[in-house]
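Undergrad: test case, fold it:
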Amino acid sequence: MTQLPIQVVAHRGASEDAPEHTLAAYTRAIEDGADALECDVRLTADGHLVCVHDRRVNRTSNGRGAVSALELAELAALDFGSWKDREESPDWKDREFTSVLTLERLLELVADAGRRIELAIETKHPTRWAGQVEERLLQLLKRFGLDAPTAADESPVRVMSFSARSLNRITAASPTLPTVYLMQFVPLRMRDGRLPAGSRIAGPGIRIVRNHPAFIERLHAAGNRVHVWTVNEPADVDLCARLGVEAIITNRPKQVLSQLGRLSQE
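TA: Numbers count the residues shown, from 1 in each chain. The predicted model follows:
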């Protein structure tokens, strides 16, 4: 069987070169030739899914407060690029490129890209939104015809989470939508390479890969694919390639594509 090229996934967009989770970062990642885009989604107070990693907007915008306590209009008034140095990258000075990014807008960007670009969507939410994030996510994917692929391997979208319960909700509602079980450490019950029911893709952090390369081999032996985050250093890219992982999630998609000997797509 021919080994497919390692998929290069832009973590929060090309987030080393542009402000994370902004239209600027994702546009740059597409231009750089990324195979897929990774994003985190949170639910606003008025029910919109937005691409923001942290529970609060303090670090990545010029505002303050929890995403779940703010409405979309309030988030739209903030600048999510103000924290990052613009001197070397004037292409995101346009306010449109650093406004809060809704998942709907990101899906539109991918649909208009002119080539296949996959999406890796991580669900994040406070306890009081339990279940609502997954429900809204599936509703939005359905609008774009992405909620129920005919075969998991053909789906351009996968849902990721550190919570097995969150992934179970997705699988129960859409059994053919691929899910990725993210992990910061190797859980005792999974040391043999088995994942929670419904997940066939493991998402270990790069520290796991460095410290426990045999675990990656066990994951593969159990029939699971492996998508590693966040891989930025050349030595780590080489390690992932040697271990045969299926996807590398990185802040530096252009550099990783170059290291893997792949030309950027125009």
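
Undergrad: starting at the chain centroid, how far to the helix ranked longest in the chain?
TA: Counting residues, the longest helix found in the chain (DSSP state H) is helix 132-143. Taking the mean of its C-alpha atoms, helix 132-143 sits 16 Å from the chain's own mean (CA atoms, centre = their mean, to the nearest Å).

Undergrad: buried ones in it?
TA: Neighbour counts using 16 or more other CB atoms under 10 Å place V133, E134, R136, L137, L138, L140, L141 of helix 132-143 among the buried residues. In short, each C-beta sits where N, CA and C put it, glycine included.

Undergrad: correct me, but the third one touches T44?
TA: The reference is to R136. No. R136 is beyond contact range of T44, at 10.1 Å (criterion: CB atoms under 8 Å).

Undergrad: and V157, what does it touch?
TA: E118, L119, A120, I121, L141, L146, P149, L177, P178 (CB atoms under 8 Å, 6 or more residues apart in numbering).

Undergrad: rerun at 7 Å
TA: Shown in contact with V157 (CB atoms under 7 Å, 6 or more residues apart in numbering): E118, L119, I121, L141, L146, L177.

Undergrad: from the contact counts, what lies against the biggest strand by length in the chain?
TA: For the chain, the longest strand by residue count, based on DSSP state E, is strand 36-43. Packing contacts for strand 36-43, counted by 3 or more CB pairs under 7 Å, 6 or more residues apart in numbering; DSSP states H and E, involve strand 7-11, strand 49-50, helix 103-111, strand 118-123, helix 132-143.

Undergrad: low-confidence ranges, the chain, go.
TA: In the prediction, the chain carries residues with pLDDT under 70 at positions 1-2, 85-93, 152-153, 263-266.

Undergrad: what ranges do the helices span in it?
TA: So, for the chain - with DSSP H - the helices run 23-32, 72-76, 103-111, 132-143, 164-173, 206-211, 213-221, 234-243, 253-259.

Undergrad: which of those helices sits most buried?
TA: helix 23-32 (a mean of 24; mean count of other CB atoms under 10 Å).

Undergrad: who's in contact with that helix?
TA: 10, 12-15, 17-19, 37, 81, 91-92, 96-98, 101, 106, 109, 113, 117, 253-254, 264.

Undergrad: please apply the same query to stretch 207-215.
TA: M183, F185, V186, I216, V228, L239, C240, L243.

Undergrad: repeat for stretch 48-62
TA: Against stretch 48-62 from outside (CB under 7 Å, 6+ apart): 12, 20-21, 39-44, 63-67, 72, 75, 78-80, 82-83, 100-103, 106, 126, 136-137, 140.

Undergrad: from those, list just the buried residues.
TA: By neighbour count, with 16+ other CB under 10 Å, the contacts of stretch 48-62 hold 12, 20-21, 39-44, 63, 65, 67, 72, 75, 78-80, 100-103, 106, 136-137, 140 as buried.

Undergrad: and R207, how far is that from D236?
TA: Using CB to CB, to the nearest Å, we find R207 at a distance of 10 Å from D236.

Undergrad: correction: the previous question concerned G114.
TA: 31 Å.

Undergrad: what do you get for R116?
TA: Using CB to CB, R116 is found at 26 Å from D236.

Undergrad: same deal with R12?
TA: Where D236 is concerned, R12 sits at a distance of 18 Å (CB to CB).

Undergrad: what of L23?
TA: Using CB to CB, we find L23 at a distance of 28 Å from D236.

Undergrad: before we move on, what about L109?
TA: Using CB to CB, L109 is found at 28 Å from D236.

Undergrad: quick check: phi and psi on the residue nearest to H21 when sequence neighbours are not counted?
TA: Distances taken as CB to CB, 6 or more residues apart in numbering put C51 closest to H21, at 4.3 Å, once the chain neighbours are dropped. When quoted as degrees, to the nearest 10, the phi and psi of C51 stand at phi -90, psi 90.

Undergrad: what's the burial count for C51?
TA: Each residue near C51 was counted by other CB atoms under 10 Å, and the total is 27.

Undergrad: same check, this time on the one 3 residues further on
TA: By the criterion of other CB under 10 Å, D54 has 16 neighbours.
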